[in-house]
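> Fold the following for me, if possible:
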Amino acid sequence: MTLPERQLANAIRALAMDAVQAANSGHPGMPMGMADVATVLYSDYLRFDPTDPHWPDRDRFVLSAGHGSMLAYATLHLAGYARPTIDDIRNFRQLHSPCAGHPENFELEGVETTTGPLGQGLATAVGMAIAERHLNALYGDDLVNHRTWVIAGDGCLMEGINHEAIGLAGHLGLGRMTVLWDDNKITIDGSTDLSTSEDIAARYEATGWHVERCDGHDPADIRRAIDAALADPRPSLIACRTLIGFGAPNKQGTSATHGSPLGADEIAATRENLGWTYEPFDIPADIAAAWAAFGEEGKKRHNLWKLRLANDEKKDEFSARLSGDVTPGAAFSAYLNGLVAEPPKVATRKASENTLGALTADIASLIGGSADLTGSNNTKTSSTKPLTKDDYSGRYIYYGIREFGMAAAMNGMALHGGVVPYGGTFLVFADYCRAAIRLSALQQQRVVYVMTHDSIGLGEDGPTHQPIEHLQSLRAMPNLLVMRPADAIETAECWALALAQTDRPSLLALTRQNLPPLRHDVTENLCAKGGYRIREAAAARKVVLVATGSEVSLAIEVAEKLEAAGHGADVVSMVSTELFDEQDGTYQDAILPRDALIVSIEAGTTFGWERYTGRDGLRFGIDSFGASAPIEDLFKHFGLTVDAITPQILAKLGA
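Now for the predicted structure:
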């Protein structure tokens, strides 16, 4: 017997309202409203294999409206994934349950990306769609030919990142991406009429998208709209007109179902209204079997795909790409040796470009880009031709002035697999990227942020463009590796370290101005220690100068002045506080001995450096906004010169 589709959708509704009620917390309205759309998607369109959530050619499904997480948990459970179990769902939003308040990809296989911050899921999906098209261009339909599906809410489409994301997707012609918009006209505050009157469909059409509309509670109309989307070569938005909290007789269609449990009385009334006579968390066998059958077609397709892979002449190369191995090769080794033979005086942004020239020659999976600052970030190489809608095999993306969209898309590419993304902008614009950088870190993804113009050293552009608080605020972010190299060799070592991080993103803070070569050997990656002694005291050590990036050469000059006055001074290049903090106590004490005066020098806020200098140490930096002037005048104005720093250290020493 074929079960009515409404009953299959009601299984989602029941699990959603019961789990939220049990937790006394959550968002039942969206899962109840989009249950019919999700049922059609899983039954007829979504290609998945619940027995192998990592099948490379599966469709990617992103629940951008992450507050409706019970839609994801219910469908994963019903479709036959090993987790979440029904007990996991019973423990929705409880400590150690994989069914967190918002979907987290590191908690559950089948959750493609962590969502919750509205708009980012859709923007991340754009990156997944880019990765799919790129790998398809390299390996063909037999190995890579899947779609990216997104369920998004009104909030996702209101967020500013939506403008960036859909503009990029439309420009690149990502026709295998479909967004199912939960068009319920409700936000937390109430009707969307309170806050918006824009024509969203027209906005999407203006950016090169195909738009369809459907009744989100009519399976036949949903199928019609999806079929029309699949037939169009453009990315598609389907406006699914729904009732939030569908089935709740007294609350459906209102914001009362958005972010609160329905309550026992309304749940009882909903059960009666839907004809759902089963106890909480009880899914009858016939409905469970019908849902389990949805994955059978995907299993068949997966088996056929494995046969194609086994017989494909590129199978080894493809498997290597998906493994994520990005070990630098011969070109990188030759480049390092060249730095020793002819040490260059260059800006670290230029040193990064030179390093990337070798790395992109060695590693085909590196895909770069910049938010309209290619010539300033130095992120393009001779190996990275543009990736365009006419040639997806390219390895360089012109993101335009879309810093946030770029960062989210890079997350999507990293999550998709087969691609290691890096992208550039100015360090001060990390603020535009920050929410996506945070999700890179939370999701433990290898994304490399190339942030140039890292201090007042950028000069005349002035305080709007001069980072002050940025480095320390980024260092405060968990699981983000921030590195600020001091010369070309350190820059190369930092790139090697960034690519070696398989479970966290990296951010390289790079200079606009030229820096002298300080290192002259590459026998060991010293930056891997985070902080290391780049200059050792000649006289009895009394001072340790701790500096980063462009201030390391300044610290060395200060040390020479101190030595001339009879005071031994080490200089430590603190490339990465995160890596230094990961070293054992013995190493840390050797580098920052307790019997020495510790002095920090960084052309940014002094906030946080007391962690290393102690209260009795000295901290040289900038605790105000910058100014517009030539670089030499700025460093003198802010007291970051040998003549300004040395006397203060001597006074502290009592000399």
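> correct me, but residue 635 touches residue 641?
Yes. Taking contacts as Cβ atoms under 8 Å, residue 635 lies within contact range of residue 641: 5.9 Å. All C-beta spots, glycine's among them, are computed from the backbone N, C-alpha and C.
> quick one: which of those two has more around it?
For residue 635 against residue 641, the residue with the higher neighbour count under other Cβ atoms under 10 Å is residue 635, and the figures read 22 against 16.
> Now do the same contact list for that one.
Taking Cβ atoms under 8 Å, 6 or more residues apart in numbering as the definition of contact, the neighbours of residue 635 are 456, 457, 603, 641.
> what pLDDT does the third one get?
Looking back up the chat, that one is residue 603. The predicted local confidence for residue 603 comes out at a pLDDT of 98.
> Please name the nearest non-neighbouring residue to it.
With Cβ to Cβ, 6 or more residues apart in numbering as the criterion, residue 603 has its nearest non-adjacent residue at 3.9 Å, and that residue is residue 455.
> now that neighbour: how far from residue 126?
32 Å (Cβ to Cβ, to the nearest Å).
> about what we covered before: around the residue nearest to residue 603, count how many other residues there are.
Applying other Cβ under 10 Å, we find 33 residues neighbouring residue 455.
> What is the helix or strand encompassing residue 408 packed up against?
Take DSSP states H and E as the rule and residue 408 turns out to sit in helix 403-416. Taking 3 or more Cβ pairs under 8 Å, 6 or more residues apart in numbering; DSSP states H and E as contact, the helices and strands that helix 403-416 lies on are helix 120-139, helix 160-172, strand 366-370, strand 420-426, helix 430-442.
> so where's the protein uncertain?
Screening the chain residue by residue with the criterion pLDDT under 70, one finds the ranges 1.
> Show me the longest helix that occurs in it.
In terms of residue count, the longest helix belonging to the chain (DSSP state H) is helix 285-310.
> and that one with helix 120-139, angle?
Counting by axes from the mean of the first three to the mean of the last three Cα atoms, to 10 degrees, helix 285-310 lies at 40 degrees to helix 120-139.
> Grab the nearest non-local neighbour of the residue most central in space within the chain.
The geometric centre of the chain, computed from its C-alpha atoms, lies nearest to residue 440 (Cα atoms, centre = their mean), at 3.1 Å. Nearest-residue entry for residue 440: residue 505, 3.8 Å, with adjacent residues in sequence omitted and distances by Cβ to Cβ, 6+ apart.
> For the one you found, give its distance to residue 100.
21 Å.
> quick one: which of the helices and strands packed on helix 403-416 is nearest residue 292?
Counting by Cβ to Cβ, residue 292 lies closest to helix 120-139 out of the helices and strands packed on helix 403-416; the figure is 26.1 Å.
> which other helices and strands contact that closest one?
Using 3+ Cβ pairs under 8 Å, 6+ apart as the contact definition, the elements that helix 120-139 packs against are strand 60-63, strand 148-152, helix 160-172, strand 177-183, helix 403-416, helix 430-442.
> Show the contacting residues for the nearest residue to residue 68 once chain neighbours are set aside.
On the basis of Cβ to Cβ, 6+ apart, the spatially nearest residue to residue 68 that is not a chain neighbour turns out to be residue 30, at 3.2 Å. With contact taken as Cβ under 8 Å, 6+ apart, residue 30 is in contact with 65, 67, 68, 71, 153, 182, 184, 244, 258.
> Drop anything exposed from the residues you listed.
Buried residues within the contacts of residue 30, defined by neighbour count using 16 or more other Cβ atoms under 10 Å: 65, 67, 68, 71, 153, 182, 184, 244, 258.
> Let me know the closest of those to residue 121.
residue 65 (7.4 Å).
> Let me know how buried residue 450 is, in neighbour terms.
Counted by other Cβ under 10 Å, the residues lying close to residue 450 total 27.
> before we move on, what SS does it have?
Reducing the assignment at residue 450 to three states with DSSP: H, G, I helix; E, B strand; the rest coil gives strand.
> Identify the residues contacting the residue nearest to residue 603.
Per Cβ under 8 Å, 6+ apart, neighbours of residue 455: 466, 467, 511, 549, 550, 603, 604.
> Check which residues of stretch 543-555 are buried.
For stretch 543-555, the neighbour count (16+ other Cβ under 10 Å) marks 543-555 as buried.
> rewinding a little: which of the contacts of residue 635 lies closest to residue 559?
Using Cβ to Cβ, residue 641 comes nearest to residue 559 of the contacts of residue 635, at 14.2 Å.
> now that closest one: how far from residue 422?
Where residue 422 is concerned, residue 641 sits at a distance of 34 Å (Cβ to Cβ).
> Over to residue 525?
Following Cβ to Cβ, the distance that separates residue 525 from residue 422 is 19 Å.
> So between these two, which is more surrounded?
The neighbour count for residue 525 versus residue 422, taken as other Cβ under 10 Å, is higher for residue 422 (26 against 16).
> hang on, the more buried one packs against residue 379?
Yes. Counting by Cβ under 8 Å, residue 422 does reach residue 379; the two are 7.0 Å apart.
> what is in contact with those two at once?
Overlap between the neighbourhoods of residue 422 and residue 379 consists of 356, 368, 369, 450, taking contacts as Cβ under 8 Å, 6+ apart.
> now the helices and strands packed on helix 120-139 in JSON lines, with distance to residue 92?
Conversion of the helices and strands packed on helix 120-139 to JSON lines gives the following (distance: least, Cβ to Cβ, whole Å):
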{"stretch": "strand 60-63", "distance to residue 92": "15"}
{"stretch": "strand 148-152", "distance to residue 92": "19"}
{"stretch": "helix 160-172", "distance to residue 92": "27"}
{"stretch": "strand 177-183", "distance to residue 92": "20"}
{"stretch": "helix 403-416", "distance to residue 92": "24"}
{"stretch": "helix 430-442", "distance to residue 92": "20"}
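> Please identify which of these is closest to residue 390.
In terms of Cβ to Cβ, the element of the helices and strands packed on helix 120-139 nearest to residue 390 is helix 160-172, at 9.9 Å.
> Check which residues of the closest one are buried.
Per 16+ other Cβ under 10 Å, helix 160-172 contains these buried residues: 161, 162, 163, 164, 165, 166, 167, 168, 169, 170, 172.
> quick one, what contacts the third one?
Meaning residue 163. Contacts of residue 163 were listed using Cβ under 8 Å, 6+ apart, and they are residue 203.
> Equivalent analysis for the last one, please.
Shown here is residue 172, whose contacts under the criterion Cβ under 8 Å, 6+ apart are 130, 133, 387, 388, 389.
> got a winner among those for most neighbours?
Among the contacts of residue 172, the one with the most neighbours (other Cβ under 10 Å) is residue 130, at 28 neighbours.
> could you check the distance from it over to residue 210?
For residue 130, the distance to residue 210 equals 18 Å [Cβ to Cβ].
> Residue 275 too?
In this structure, residue 275 and residue 210 are separated by 37 Å, where distance is defined by Cβ to Cβ.
> which one of these two has more residues nearby?
Remark: of residue 275 and residue 210, residue 210 carries more neighbours, 19 against 11, as counted by other Cβ under 10 Å.
> ok, what's across the strand from that one?
When bridges are taken as DSSP bridges, the partners of residue 210 come out as residue 236.
> wait, it sits on residue 238?
No. Proximity of residue 210 to residue 238 does not meet the contact threshold set by Cβ under 8 Å, at 9.2 Å.
> Need the overlap of contacts for the two.
Between them, residue 210 and residue 238 share these contacting residues under Cβ under 8 Å, 6+ apart: residue 229.
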